[in-house]
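Participant: how would this look folded up:
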Amino acid sequence: PGLLFMFVVPLFLAIPAATYARKALAGAPGARVHVVAFMALFATVVNESLVGAGMLDNLYLMDLGFLAAVLSVCAEMTYRVTTDAQRLRQLSDNLACEVRDRTRELMLTRDNLVRAERLAGLGRLSASIGHEINNPLSYVIGNLEYVCEELADEQRVRQDALIESAVRDALGGAERIRKIVGELRSFSLRSG
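Facilitator: Residues are numbered from 1 along each chain as shown. Next up is the predicted model:
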């Protein structure tokens, strides 16, 4: 029975070795190293069984087989950690670029919003200024028109003509102010 047990253990090791052999044929990373390590472990267990049964006069080598299996696992883990670290670095770089791009977009949007708010404020200010100028301007224009009509009706002497000319100039200036106020109003409607 002890001899039978010594030969059953290598058979149980053949199962994971076969699994890794299939993975190696499929091209799985690290599987080849495991196949070689399991073959070495399998060979050392067979050696151990034969030496223990007295069928072979050799050194006990099973410790070396376990060492080969452990080293293959360490190599695969190192490969995985290195690969994961590279992927993590790449993802981190991609995320940093994405954050930089989004931050730039956010800053542009904020600047555009500030500009829009300034234009809206300027529009409100122009509407307010236009309203404040337009009210007294109506009185000035109305009175200047009245004076012009009165002077034109009477056709007085030369001095009245000078007065009429001055009043017409003032009326022209007031009309220019009215035009500017109209443009301010138009601007405030576009800005609002």
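Participant: residue contacts, residue 73?
Facilitator: Going by C-beta atoms under 8 Å, 6 or more residues apart in numbering, residue 73 touches 34, 37. C-betas here are computed from N, CA, C, even on glycine.
Participant: element containing it?
Facilitator: Using DSSP states H and E, residue 73 falls within helix 62-154.
Participant: Give me the neighbour count for residue 93.
Facilitator: The number of residues packed near residue 93 is 10, by other C-beta atoms under 10 Å.
Participant: And for residue 41?
Facilitator: Neighbours of residue 41 (other C-beta under 10 Å): 24.
Participant: Could I get the contacting residues of it?
Facilitator: By C-beta under 8 Å, 6+ apart, the residues touching residue 41 are 13, 62, 65-66, 68-69.
Participant: Tell me the most packed of the residues you listed, by neighbour count.
Facilitator: The most crowded member of the contacts of residue 41, judged by other C-beta under 10 Å, is residue 65 (22 neighbours).
Participant: Can you classify residue 59 as helix, strand or coil?
Facilitator: coil (DSSP: H, G, I helix; E, B strand; the rest coil).
Participant: what do you get for residue 29?
Facilitator: Assigned state for residue 29: coil (three-state reduction, three-state DSSP).
Participant: Spatially nearest residue to it, not counting backbone neighbours?
Facilitator: Nearest residue to residue 29 in three dimensions, chain neighbours excluded: residue 79, at 6.6 Å (C-beta to C-beta, 6 or more residues apart in numbering).
Participant: For the protein, give me the ranges with low pLDDT.
Facilitator: Residues of the chain that meet the criterion pLDDT under 70 lie in 1-7, 151-161, 188, 191-192.
Participant: So what's the gap between whatever helix or strand residue 50 lives in and the chain middle?
Facilitator: Assigned by DSSP H and E, residue 50 belongs to helix 31-52. Relative to the mean C-alpha coordinate of its chain, helix 31-52 is positioned 53 Å out (C-alpha atoms, centre = their mean, to the nearest Å).
Participant: Just the angle for that helix relative to helix 62-154, thanks.
Facilitator: 160 degrees (axes from the mean of the first three to the mean of the last three C-alpha atoms, to 10 degrees).
Participant: Return the set of buried residues in helix 31-52.
Facilitator: Across helix 31-52, burial judged by 16 or more other C-beta atoms under 10 Å covers 31-49, 51.
Participant: got the buried residues for the following helix or strand past the helix holding residue 73?
Facilitator: The first helix or strand that comes after helix 62-154 along the chain, using DSSP H and E, is helix 158-191. Within helix 158-191, the residues that count as buried by 16+ other C-beta under 10 Å are 164, 167, 170-171, 174, 178, 181, 184-185, 187-188, 191.
Participant: same check, this time on stretch 121-131
Facilitator: 123, 126-127, 130.
Participant: what's the spacing between residue 72 and residue 13?
Facilitator: To residue 13, residue 72 is 13 Å away according to C-beta to C-beta, to the nearest Å.
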